[in-house]
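In: Build me a model from this:
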Amino acid sequence: MVWNPGKPLFGGRYIIEAKLGEGGVGITYLARNTLNQPRVIKTLRQEVLNNRVWKSRQEKLRQDFRHEAVRLAVCQHPHIVKIENIFDEGNLPCMVMEFIQGEDLGDRLKRSGILKEAEALLYIRQIGDALMVMHSKGLLHRDIKPRNIMLRMGKQEAVLIDFGIAREFIPDIIQRHTVYRTPGFAPPEQYQLEAPRGEYIDVYGLAATLYTLLTGVVPTSAEERIQNVDLQPPKQLNPNISDRTNQAILQGMAMRSQYRPQSVQDWLNLFTFDKTENLTRIRLKGNREQGTGNREQGTGNLNPSGRTIKPLTSSTQTTTFQANTTAPQSWQCVHTIKRHGGMVYAIAFTPDGQYLASGSSDNTIKMWETRTGKIHRRLGRWFSGHSDSVWDICFSPKQNILASASYDRTIKLWETTGKNSHTLTGHENWVNSVAFHPNGLLLASSSNDCTIKLWKTTTGKEIQTLASHTDSVLSVNFSPDGQYLVSGSADNTIKIWEVSTGKEIITLKSHSFFVNSVIFHPNGKTLASASSDRTIKLWHATTGKLIRTYKNHTDSVSSISFTPNGQILASASWDHTIKLWQTNTGKEIATLTGHCNYIRAIAFSPDGKTLVSASDDETIKIWEIQQI
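Out: Predicted coordinates for the structure are as follows:
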């Protein structure tokens, strides 16, 4: 029996839209909840429960299914699929999960071929982080493979799915295995009915997945290897793989579990440089990276030249430095706000700096007193709010209007009273970024639909669409004089547009991965960009020449912000740190630590004395500069 479109479940809380797929015992559907959000509902196939072979084990099947849902619910992480609900529909147990718009890595391989090493390692590390959360809860996934890793559309984010054969484990204690496995990705111990369980089981699957992403070939199965069929080293299939990565894959896929790294963290450490170098970077293209503060010319290729800049040491949430002033200064975290019910994606100050606003995966926007960190107002109650994650927010420089961009494909304009004055519709996919023109009468937005739209803020009407990027547009911002608009994209490029005509002026091509954030310097003569290639770049705004590259982050750089005088550039990263740089020299002058997950957004206050940061750890931190 298959549920037809329109069928209500759980008292009408969910409406079936379509069947997505089915496996050995399970079936999944696309549904909508009461907020009209897409959701995936997974249940058992009725045919399996009615099959005489399984009839005596019906209750065990239901029990295992519910256990999967509970196991998934306790493992909360940005790279683990989120569970929304668990309920029974008749005799069928159901779990409701987020709908991840995108494709799995298996489909990605079929569509575009093998991945570049840097991109593959990014996704592998994300899934590795997710597995470490699982392992800390005493759970093994046991089915790591490309098909069980989804890529969010337009984002450099991999998400682990399908916990159907996840099991509890006590390290190195012999336990009975449920004999499910995927040949090529399952280690030898999963072919045994009883064997010790440990994190090294998932290490094998993660290494085998990386093997496939870089070669396009499913590795020789453990069963065949037991029969003396050799595993071909991945570098023989793809000579472009670095020696370090080739060796790490082979170590992770050692036949004897004691010869593998015993934890995911131990295995991921094989990709990092020696700690004495003060770097923890994945090797890109087989060459050691070097940080540089030296001037670079050209727009075509990364130019890692000059001496390595070593990160400064700092205390947990306080950093002292010398920055363009004769008096020593320090940045200290004075407030940590944790009042959102999800990850915090966006942050912005009001023009007077008295308040700041935040947007979250809990679909809400909240305003806070900058001085005290106390809640001031919540925007979007009942039916006026967004129906999905709020990804970006910004304030009008004059009218004090707030604009918010959401995964629900809309932009909302809010008055200071909290009233929703306009809802802008027209994008065909998630809206990633919004920015007000300096006069406040024009708003720019960018989306996963690869377009930029310009809107009249007084009426909410769309006036122009700019379409030249070939992938999701992740960031937009106006120049201080309002004549130009800059955009950064998942196509790895930056484009500068003339606002009055909508004409594309120049395209900048030096980043090797997604461009996550682009902003103009307050003088309007230069602009900065932040990328998933772990760099920040400074460009001449009129000629497009690359001025400088900042390199010390060890993961994607998600957000950047200039102080109002332009002397300091702040950068936020998935490496859980904020770095401060002297703009005119490229020198790193501070590292702020305290967040325990990806930092999504940062912003300086209008007076430059306060910095705020938003993170996947569900907190907002307010940092203040202090004279010492």
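In: low-scoring stretches of the stretch 51-200 of the chain, by residue?
Out: 51-57, 164-181, 193-195 (pLDDT under 70).
In: Do a quick rundown of the strands in it.
Out: 83-89, 92-98, 102-104, 139-140, 149-152, 158-160, 167-168, 174-176, 194-196 (DSSP state E, counting those that start in this stretch).
In: how about those, which one is nearest residue 348?
Out: Among these, strand 149-152 comes nearest to residue 348, with 23.2 Å by C-beta to C-beta. Just so you know, the C-beta spots here come from the backbone N, C-alpha and C atoms, and that holds for glycine as well.
In: any idea which of the strands of the stretch 51-200 of the chain is most buried?
Out: strand 158-160 (a mean of 24; mean count of other C-beta atoms under 10 Å).
In: Run the chain-centre distance for that one.
Out: Centroid separation for strand 158-160 versus its chain: 10 Å, with C-alpha atoms, centre = their mean, to the nearest Å.
In: show me what contacts residue 259?
Out: Residues in contact with residue 259 (C-beta atoms under 8 Å, 6 or more residues apart in numbering) are residue 251.
In: same deal with the one 10 residues further on?
Out: Under the criterion of C-beta under 8 Å, 6+ apart, the contact partners of residue 269 comprise residue 261.
In: For my notes, confirm it occurs in a helix.
Out: Yes - counting by DSSP: H, G, I helix; E, B strand; the rest coil, residue 269 falls inside a helix.
In: Distance check, it against residue 374.
Out: Distance, residue 269 to residue 374, using C-beta to C-beta, to the nearest Å: 42 Å.
In: Looks like residue 255 contacts residue 188 (just checking).
Out: Yes - assessed by C-beta atoms under 8 Å, residue 255 is found in contact with residue 188 at 5.8 Å.
In: So between the two, which is more surrounded?
Out: residue 188 (18 against 14; other C-beta atoms under 10 Å).
In: what about this protein, any weak spots by pLDDT?
Out: 1, 23-24, 48, 51-57, 164-181, 193-195, 272-329, 380-384, 399, 627-628.
In: Would you map the strands across the stretch 501-628 of the chain?
Out: Taking DSSP E, counting those that start in this stretch, the strands of the stretch 501-628 of the chain run over residues 503-508, 515-520, 526-531, 535-540, 546-551, 557-562, 568-573, 577-582, 588-593, 599-604, 610-615, 620-627.
In: Those strands: which one's closest to residue 135?
Out: Among these, strand 610-615 comes nearest to residue 135, with 22.4 Å by C-beta to C-beta.
In: Starting from the closest one, tell me which strands it pairs with and how they run.
Out: Sheet pairing for strand 610-615, assigned by DSSP bridges, gives strand 599-604 (antiparallel), strand 620-627 (antiparallel).
In: Could you measure from the most centrally placed residue in the chain over to residue 125?
Out: Nearest residue to the geometric centre of the chain (C-alpha atoms, centre = their mean): residue 157, 4.4 Å. In this view, residue 157 and residue 125 are 12 Å apart by C-beta to C-beta.
In: so where do the helices sit in the stretch 101-250 of the chain?
Out: 105-112, 117-136, 200-215, 222-226, 234-237, 243-252 (DSSP state H, counting those that start in this stretch).
In: quick revisit: the strands of the stretch 51-200 of the chain into CSV, with extra columns for distance to residue 183?
Out: What follows is these, written out as CSV (distance: least, C-beta to C-beta, whole Å):
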stretch, distance to residue 183
strand 83-89, 29
strand 92-98, 27
strand 102-104, 18
strand 139-140, 18
strand 149-152, 18
strand 158-160, 20
strand 167-168, 19
strand 174-176, 21
strand 194-196, 17
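In: need the strands paired with strand 610-615 in TSV with mean neighbour count and distance to residue 73, can you?
Out: Converted to TSV, those look like this (neighbours: other C-beta atoms under 10 Å; distance: least, C-beta to C-beta, whole Å):
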stretch	mean neighbour count	distance to residue 73
strand 599-604	25	24
strand 620-627	20	25
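In: Nearest to residue 548 among the ones you listed would be which one?
Out: Counting by C-beta to C-beta, residue 548 lies closest to strand 599-604 out of the strands paired with strand 610-615; the figure is 19.5 Å.
In: which non-adjacent residue is nearest residue 206?
Out: Leaving aside its chain neighbours, residue 206 sits nearest to residue 144 (5.2 Å; criterion: C-beta to C-beta, 6 or more residues apart in numbering).
In: The one you found contacts residue 210, correct?
Out: No - the pair residue 144 / residue 210 is not scored as a contact, 9.9 Å apart, by C-beta under 8 Å.
In: Stretch 485-500: end-to-end distance?
Out: End-to-end distance of stretch 485-500 (C-alpha to C-alpha, to the nearest Å): 10 Å.
In: hmm, back to that, which one of the strands of the stretch 501-628 of the chain lies closest to residue 400?
Out: strand 599-604 (16.0 Å).
In: what's the angle from that closest one to strand 577-582?
Out: For strand 599-604 against strand 577-582, the angle by axes from the mean of the first three to the mean of the last three C-alpha atoms, to 10 degrees is 40 degrees.
In: For strand 599-604, list the C-alpha coordinates in CSV.
Out: Provided in CSV are the C-alpha atoms of strand 599-604 (Å, rounded to 0.1, in the frame of the first residue of the first chain):
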residue,chain,number,x,y,z
ILE,A,599,30.4,31.2,13.0
ARG,A,600,28.0,32.4,10.3
ALA,A,601,28.0,36.2,10.6
ILE,A,602,29.8,39.2,12.2
ALA,A,603,29.2,42.9,12.2
PHE,A,604,30.8,46.0,13.7
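In: contacting residues around it?
Out: 343-349, 356, 392, 558-564, 570-574, 576-578, 610-616.
In: Equivalent analysis for stretch 451-462, please.
Out: With contact meaning C-beta under 8 Å, 6+ apart, stretch 451-462 is reached by 396, 399, 401, 403, 411, 413, 421-424, 426-427, 436, 440-447, 463-467, 469, 473, 476, 485, 487, 497, 499, 502.
In: Okay, and which of these map to strands?
Out: Counting by DSSP state E, the part of the contacts of stretch 451-462 found in strands is 403, 411, 413, 421-424, 436, 442-447, 463-466, 473, 476, 485, 487, 497.
In: Buried subset of the residues you listed as a PyMOL selection?
Out: Command for PyMOL, covering only those of these found buried under the criterion 16 or more other C-beta atoms under 10 Å:
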select buried, resi 403+411+413+422+424+436+442+443+444+445+446+447+466+473+476+485+487+497
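In: which one of the helices of the stretch 101-250 of the chain lies closest to residue 153?
Out: Using C-beta to C-beta, the helices of the stretch 101-250 of the chain put helix 105-112 closest to residue 153, at 11.2 Å.
In: what's the angle from that closest one to helix 200-215?
Out: Taking the same axes, to 10 degrees, helix 105-112 and helix 200-215 form an angle of 10 degrees between their directions.
In: helices and strands around helix 105-112, which ones?
Out: strand 149-152, helix 200-215 (3 or more C-beta pairs under 8 Å, 6 or more residues apart in numbering; DSSP states H and E).
In: if we can go back for a sec, mutual contacts of residue 255 and residue 188, please.
Out: Common contacts of residue 255 and residue 188, defined by C-beta under 8 Å, 6+ apart, comprise 222, 225-226.
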